[in-house]
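Asks: sequence below, structure please.
(2 chains)
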Amino acid sequence: MTGIITRRNFLRGSAVVGSGLILAGCDQFDFLGQRDNGVRKVLEQANVLTYQAQRHWIGAQTLAREYSASEIRQGQRPNGSTNPTTPEYLALQAGNFSTYKLTVKGMVDREVSLTLDQLRNMPARSQITRHDCVEGWSCIAKWTGTQLGPVLDMAGVKPGARFCVYHCYDNIQRTLAGDILYYTSSDLIDAYHPQTILSYGLNDQVLPVSNGAPIRLRIERALGYKQPKFLHTIELVDDLSQFGLGHGGYWEDTGYDWYGGI
Amino acid sequence: MSENKEPASAKGPLIYRQSIFTRVTHWTWAICLFFLLLSGLQIFNAHPNLYIGQQSGFEFDNSVLRIGAVNTDAGPRGQTTIFGQTFDTTGVLGMSGTAERPVFTAFPGAVTIPSYRDLGTGRVVHFFFGWVFVATMFVWFLASFINGHIRRDIVPRGADIKGVPGDIADHARLRFHHGRTYGPLQKLSYFAVFFVLFPLIVATGLTMSPGMNSIAPWMLDLFGGRQTARTIHFVVMTLLVTFFVVHILMVVAAGPLNELRSMITGWYRTSPGTPAAKGDKP
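Replies: All right, here's what the predicted structure looks like:
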């Protein structure tokens, strides 16, 4: 042992330290995965900026692209839950959804419940749109349903309401402590968007269970996790903190951006 | 060493080469691109498959790159398929980690943020630095247009194009001329980065946003569909990584201390024989 730093030792030492830094680099930023981390909260503000920028520059009525029928080249890829097992849902499914009702409640003048037949008898809209999953893939399909806006108007949205919370039969996570049910939410701009439909048809067929029967909401200017399947209740609220973990949706509670339009 | 005994005139003048805007945007971009790359690979890992067209083919094949793991007789292997050609990439792509604890992600955790699978966090990081990256681009383009950096140093002129063969020969011999402005190859590569790769990676990123698609559907047509845009985004990333590697090699070859000094303090030691100008230091 000499204690003298020769150039060779210095280089050797630098190489060891350098490669150690590179190897350690793989988990140095894992703290950003913690939801309550202060740095993460700062980074998350970028998503608020995206939401505000898009709301500022993109019109409330600006349509998502609609494709021609020739662009439907495959079935709609099912993702997330494809077969909810809650007793309520299984009972509905056994009766071919004849007893299904969609409820609009919360900050409304009058609570409204509509059967599947009533929804099907309302003016229908069909749109061939592209479904973009947050994972990165896209799939084009034809969705048929009735616009959500007039349904909300039947209930009469109170002036203070700011969000629609969409409750689903989807027990997406089954834990020992019980089922965690899928839910998500949107602002009223997305809820009243002309292409936001309560869809009951997919590619000219009745909406199958794997894609969200009997009703799946389409919010066409947002990613797939903002298209809740197995929808049963729409609740008008002015605050999202009372639902789930308070981030406005099941996936949002796990760390996805609430707006979902990016 | 003998350098001390040489007369001062053997050195070129010390010139103020990089403005404060060039230096601050350079380092801001460096940080942004680091985080954008590592979070981007995390996002890619959520669906390690690239396609050409509007949508992803599940019942037809329009895939151009696929990274995954397969079970073989010899156990699980990592595989990468490019344009239908499949390569065994075990240890790097599709399957990495140790034999006892293999990890089945497309890109290994060493090059993703976070190191484990967490798409939500990857997206939070990516979009934050995406905004910073674009804001920095805005500052750079505005400042560099006004202070003449773009006209003087970035846009190649006729003489630069004519000088390319000679500059290639000089680079091959690792003979670098430290002048007042950039050399032909430097100008061409910086021009490509600022005027092609940076705008392209931002535009293809925006084309993946369903919100942006509604206000600017022409971007979908420009790039040939959302999935093609995603593929181009990935390809531009690999070109930027290539640029980074060459950039670092050139800095090391051309004299790292002088190059680093110019990008930190702005002052740059030119080659001997460079004519002095007002404002230079000896």
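Asks: residue B:102 contacts residue B:108, doesn't it?
Replies: No - counting by Cβ atoms under 8 Å, residue B:102 does not reach residue B:108; the two are 10.5 Å apart. In this view, the C-beta of every residue, glycine as well, is placed from N, C-alpha and C.
Asks: which one of the two has more residues nearby?
Replies: Legend: neighbour count by other Cβ atoms under 10 Å in any protein chain shown for residue B:102 and residue B:108, higher for residue B:108 (20 against 15).
Asks: chain neighbours aside, what residue packs nearest to the residue in the stretch 1-150 of chain B that chain A sits nearest to?
Replies: Relative to chain A, the nearest point of the stretch 1-150 of chain B is residue B:120 (2.9 Å; Cβ to the nearest Cβ). Nearest residue to residue B:120, sequence neighbours excluded (Cβ to Cβ, 6 or more residues apart in numbering or on different chains): residue A:255, at 2.9 Å.
Asks: quick one: neighbours of that neighbour, just the number.
Replies: If you count neighbours by other Cβ under 10 Å, residue A:255 ends up with 19.
Asks: just checking, it touches residue B:117?
Replies: No - shown here, residue A:255 and residue B:117 do not form a contact pair, counting by Cβ under 8 Å, at 11.8 Å.
Asks: for the residue of chain A found nearest chain B, give its distance to residue A:228.
Replies: Per Cβ to the nearest Cβ, the residue of chain A with the smallest distance to chain B is residue A:255, at 2.9 Å. Noted for residue A:255: a distance of 18 Å to residue A:228, by Cβ to Cβ, to the nearest Å.
Asks: could you check the pLDDT of the residue of chain A closest to chain B?
Replies: Predicted confidence (pLDDT) for residue A:255: 96.
Asks: again, but for residue A:19
Replies: Looking at residue A:19, its pLDDT is 53.
Asks: now do residue B:163
Replies: Among the per-residue scores, residue B:163 shows a pLDDT of 94.
Asks: what distance do you get for the residue lying closest to it once chain neighbours are set aside to residue B:254?
Replies: Excluding the flanking residues, the one nearest residue B:163 by Cβ to Cβ, 6+ apart is residue B:184, at 4.2 Å. Distance of residue B:184 to residue B:254, computed by Cβ to Cβ: 15 Å.
Asks: ok, residue A:145 next?
Replies: Relative to residue B:254, residue A:145 is positioned 63 Å away (Cβ to Cβ).
Asks: show me which of the two is the more surrounded one.
Replies: The neighbour comparison of residue A:145 against residue B:254 (other Cβ under 10 Å) goes to residue A:145, with 24 against 17.
Asks: hang on, the earlier thing: list the contacts of the residue of chain A closest to chain B.
Replies: With contact taken as Cβ atoms under 8 Å, 6 or more residues apart in numbering or on different chains, residue A:255 is in contact with A:33, A:35, B:118, B:120-121, B:124.
Asks: re the thing from before, what's around the residue of the stretch 1-150 of chain B closest to chain A, how many residues?
Replies: By other Cβ under 10 Å, 20 other residues sit near residue B:120.
Asks: please name every helix or strand in contact with the helix or strand that contains it.
Replies: Applying DSSP states H and E as the criterion places residue B:120 in helix B:119-146. In terms of contacts (3 or more Cβ pairs under 8 Å, 6 or more residues apart in numbering or on different chains; DSSP states H and E), helix B:119-146 is packed against helix A:38-57, helix B:20-46, helix B:198-207.
Asks: dump whatever helix or strand comes next after the shortest one to CSV, restricted to CA.
Replies: Scanning the chain past helix B:198-207 towards its C-terminal end, the next helix or strand to appear is helix B:210-215 (assignment: DSSP H and E). The C-alpha coordinates for helix B:210-215 follow below in CSV (Å, rounded to 0.1, in the frame of the first residue of the first chain):
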residue,chain,number,x,y,z
PRO,B,210,-56.0,12.3,-29.1
GLY,B,211,-56.7,15.9,-28.0
MET,B,212,-54.2,17.3,-30.5
ASN,B,213,-55.6,15.0,-33.2
SER,B,214,-59.0,16.8,-32.9
ILE,B,215,-57.6,20.3,-33.5
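Asks: next one: helix B:210-215 to chain centre, how far?
Replies: With Cα atoms, centre = their mean, to the nearest Å as the basis, helix B:210-215 stands 26 Å off its chain's centre.
Asks: that one: what's the following helix or strand?
Replies: Using DSSP H and E, the next helix or strand after helix B:210-215 towards the C-terminus is helix B:218-223.
Asks: any weak-confidence spans in the stretch 101-250 of chain B?
Replies: Within the stretch 101-250 of chain B, no range satisfies pLDDT under 70.
Asks: residues from it in reach of chain A?
Replies: Within reach of chain A by Cβ under 8 Å from any Cβ of the partner chain, the stretch 101-250 of chain B has these residues: B:108-116, B:118-121, B:123-125, B:127-128, B:130-131, B:208-215, B:217, B:220, B:226-227, B:230.
Asks: buried subset of the residues you listed as a PyMOL selection?
Replies: The PyMOL selection below is limited to those of those classed as buried (16 or more other Cβ atoms under 10 Å in any protein chain shown):
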select buried, chain B and resi 108+109+110+111+112+113+114+115+118+119+120+121+123+124+125+127+128+130+131+208+209+210+211+212+213+214+215+217+220+226+227+230
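Asks: would you map the strands across chain A?
Replies: A:101-106, A:112-115, A:124-132, A:138-147, A:163-168, A:173-175, A:178-180, A:183-187, A:197-202, A:205-206, A:216-218, A:231-237 (DSSP state E).
Asks: possible to save the ones you listed as a markdown table with distance to chain B and mean pLDDT?
Replies: Output for the strands of chain A, formatted as a markdown table (distance: least, Cβ to the nearest Cβ, whole Å; pLDDT from 0 to 100):
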| stretch | distance to chain B | mean pLDDT |
| --- | --- | --- |
| strand A:101-106 | 25 | 98 |
| strand A:112-115 | 28 | 98 |
| strand A:124-132 | 5 | 98 |
| strand A:138-147 | 4 | 98 |
| strand A:163-168 | 18 | 98 |
| strand A:173-175 | 15 | 92 |
| strand A:178-180 | 16 | 93 |
| strand A:183-187 | 13 | 98 |
| strand A:197-202 | 15 | 98 |
| strand A:205-206 | 16 | 98 |
| strand A:216-218 | 12 | 98 |
| strand A:231-237 | 20 | 98 |
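Asks: so which of those gets nearest residue B:15?
Replies: Nearest to residue B:15, of all those, is strand A:124-132, at 50.5 Å by Cβ to Cβ.
Asks: dump the closest one to PDB, keeping only the CA atoms.
Replies: Presented in PDB, the C-alpha positions along strand A:124-132 are these (Å, rounded to 0.1, in the frame of the first residue of the first chain):
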ATOM      1  CA  ALA A 124     -78.600   7.400 -32.200                       C
ATOM      2  CA  ARG A 125     -75.100   8.400 -33.400                       C
ATOM      3  CA  SER A 126     -72.600   6.100 -35.100                       C
ATOM      4  CA  GLN A 127     -68.900   7.000 -35.300                       C
ATOM      5  CA  ILE A 128     -65.900   5.200 -36.600                       C
ATOM      6  CA  THR A 129     -63.100   6.300 -34.400                       C
ATOM      7  CA  ARG A 130     -59.700   5.300 -33.200                       C
ATOM      8  CA  HIS A 131     -59.300   3.900 -29.700                       C
ATOM      9  CA  ASP A 132     -55.900   4.800 -28.200                       C
END
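Asks: show me what counts as buried in it.
Replies: Buried positions in strand A:124-132, judged by neighbour count with 16+ other Cβ under 10 Å: A:125, A:127-132.
Asks: quick one on the thing from earlier: right, so of the helices and strands packed on helix B:119-146, which gets closest to residue A:90?
Replies: Closest of these to residue A:90 is helix B:20-46, at 31.1 Å (criterion: Cβ to Cβ).
Asks: and the closest one, which residues are buried?
Replies: Under the neighbour-count criterion of 16+ other Cβ under 10 Å, helix B:20-46 has B:21-23, B:25, B:28-29, B:32-33, B:35-46 buried.
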